[in-house]
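Sequence below, structure please.
(chains A and B)
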Amino acid sequence: GAVVSQHPSRVICKSGTSVKIECRSLDFQATTMFWYRQFPKQSLMLMATSNEGSKATYEQGVEKDKFLINHASLTLSTLTVTSAHPEDSSFYICSYAYNRASFYNEQFFGPGTRLTVL
Amino acid sequence: KQEVTQIPAALSVPEGENLVLNCSFTDSAIYNLQWFRQDPGKGLTSLLLIQSSQREQTSGRLNASLDKSSGRSTLYIAASQPGDSATYLCAVQERDDKIIFGKGTRLHILP
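Sure, this is the predicted structure:
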């Protein structure tokens, strides 16, 4: 399967600072990518969807001005948590997907980033 | 190394039937197990989360069970509907946050 990397794997920051998380697909060019987050003892939840050449579409309850998504290229996307607060502490995961018969819309997930806001 | 397998890879059943999707994992030291559905071109939608200490979870027509010792989980869908057609993914999460996904079962409910 395809390889997706995320950086950093863990980050601790002070409240009020901004944090950028990078997501890269290493061996294929994706048309669609997704950002998810997981709060403690909860399931992974979709935050936003980003299609090539379009602005990200955010799920209900996710503030687009707080979680800035830049789908810079077909292999790089960034999620910036602006003015982070302790309630933003979560596990963030990205995934890439593309519709092709052999993959049937399969998603390839990054290893995740654990964000802790003090 | 944890591996998650879902069987069958694809399934077609007539509307109204009850059905079971299977998920197996190789390392029983998991933190939780999650079931998701994926519609074409969309992100994952969380269906059920089972903590490692739990045996099952229910939501509407869905029931998921977990048997850690045998490395198995099932997703039971009652009275299937055409709207249930989607790909269903099983994922296990380990204590270091790592999430390992199965390849999914593509479900088609025939009207």
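
tell me the strands in chain A, going along the chain?
Secondary structure of chain A by DSSP state E: the strands cover A:4-7, A:10-13, A:19-25, A:32-38, A:45-51, A:57-58, A:67-70, A:76-81, A:90-97, A:107-109, A:113-117.

between those, which gets the lowest average pLDDT?
Ranked by mean pLDDT, the strands of chain A bottom out at strand A:107-109, with a mean of 87.

Which residues of chain B lie near chain A?
Within chain B, the positions adjacent to chain A are B:34, B:36, B:38, B:40-46, B:48-49, B:51, B:87, B:91, B:97-99, B:101, B:103-104, B:106 by C-beta under 8 Å from any C-beta of the partner chain. Using the backbone N, CA and C atoms, a C-beta is placed for each residue, glycine as well.

so of those residues, which ones are in strands?
Applying DSSP E to the residues of chain B next to chain A, the entries found in strands are B:34, B:36, B:38, B:44-46, B:48-49, B:51, B:87, B:91, B:99, B:101, B:106.

What count of nearby residues applies to residue 10?
Using chain A here. Residue A:10 sits with 11 neighbouring residues when counted by other C-beta atoms under 10 Å in any protein chain shown.

wait, chain B
With other C-beta under 10 Å as criterion, residue B:10 counts 11.

and what of residue B:83?
9.

Spell out the secondary structure type for it.
Following DSSP: H, G, I helix; E, B strand; the rest coil, we place residue B:83 in the helix state.

Can you tell me how far it is from residue B:77?
11 Å (C-beta to C-beta, to the nearest Å).

quick one: terminal-to-terminal distance for stretch A:85-95?
Stretch A:85-95 stretches 24 Å from its first residue to its last (C-alpha to C-alpha, to the nearest Å).

That stretch: how far from the chain's middle?
Centroid displacement of stretch A:85-95 relative to its chain, using C-alpha atoms, centre = their mean, to the nearest Å, is 9 Å.

can you tell me if it touches chain B.
Yes - under the criterion of C-beta under 8 Å from any C-beta, chain B is reached by stretch A:85-95 at A:91, A:93, A:95.

Might one say that residue B:77 is in contact with residue B:62?
Yes - applying C-beta atoms under 8 Å, one finds residue B:77 in contact with residue B:62, separated by 6.0 Å.

who's more crowded, the two?
residue B:77 (22 against 17).

Who's the closest spatial neighbour of that one, skipping the chain neighbours?
Once flanking residues are discounted, residue B:77 sits nearest to residue B:19: 5.2 Å by C-beta to C-beta, 6 or more residues apart in numbering or on different chains.

same check, this time on residue A:19
Of all residues not flanking residue A:19 in the chain, residue A:81 sits nearest, at 4.7 Å (C-beta to C-beta, 6+ apart).

before we move on, what about residue A:7?
residue A:22 (4.7 Å).

again with residue B:26
Spatial nearest neighbour of residue B:26, excluding adjacent residues (C-beta to C-beta, 6+ apart): residue B:3 at 4.7 Å.

Kind regards, and thank you for your time.
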